[in-house]
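S.K.: mind looking at a prediction? Sequence and model below.
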Amino acid sequence: MGHTDLQGFSYAQKEVARVPRKPRRGCAYPGCPMYAEEGSSYCLEHKKEMDKNYETYSRDPSVRRKYGRAWKRIRDSYVKTHPFCEQCYANGILVPVDEVHHKVQIAKGGTHDRSNLMSLCRSCHNKIHAELGDRNVRE
């Protein structure tokens, strides 16, 4: 603990550790005794394995054709010019962008054109997809 002298008084500065918002859960991988990382169901070791599994077996292969390196460059460029969630910004709230959303989905004939994109926070992105009912959304 450090001490600070202020006009003859000595104040002890208390070091405060960051308190987690909710308790960590166990890793969802069968038989793993480790704790899951914050915001994930798996520990670091099994998260990598499950992500690889998802990409290989669960994710639609056509997605890779739609979202490749070109999309990453377009997305990064769009985020540089639109760094805040556009819906929150319209309400006077500055929230950093988490997702770049296609107004007209690629699967429904949309393009990566800037006029078809909007930057959103995760909350607004989940609300849009929940209203559309086109996929399961996670908090």
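M.R.: That came through fine.
S.K.: tell me the domain boundaries of the chain?
M.R.: Using automatic domain parsing, the domain parsing of the chain gives 20-59, 67-139.
S.K.: for the residue nearest the centre of the chain, give me its contacts.
M.R.: Residue closest to the average C-alpha location in the chain (Cα atoms, centre = their mean): residue 98, at 5.5 Å. Taking Cβ atoms under 8 Å, 6 or more residues apart in numbering as the definition of contact, the neighbours of residue 98 are 85, 120, 121, 122, 125. To be clear about C-beta, it is placed using only N, CA and C from the backbone, and glycine gets the same treatment.
S.K.: how about the last one, secondary structure?
M.R.: Judged by DSSP: H, G, I helix; E, B strand; the rest coil, the three-state class of residue 125 is helix.
S.K.: doesn't residue 97 make contact with it?
M.R.: No: judged on Cβ atoms under 8 Å, residue 125 makes no contact with residue 97 at a distance of 9.6 Å.
S.K.: picking up where we left off before, as a markdown table, the domains of the chain with mean pLDDT would be great.
M.R.: Formatted as a markdown table, those follow (pLDDT from 0 to 100):
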| stretch | mean pLDDT |
| --- | --- |
| domain 20-59 | 81 |
| domain 67-139 | 87 |
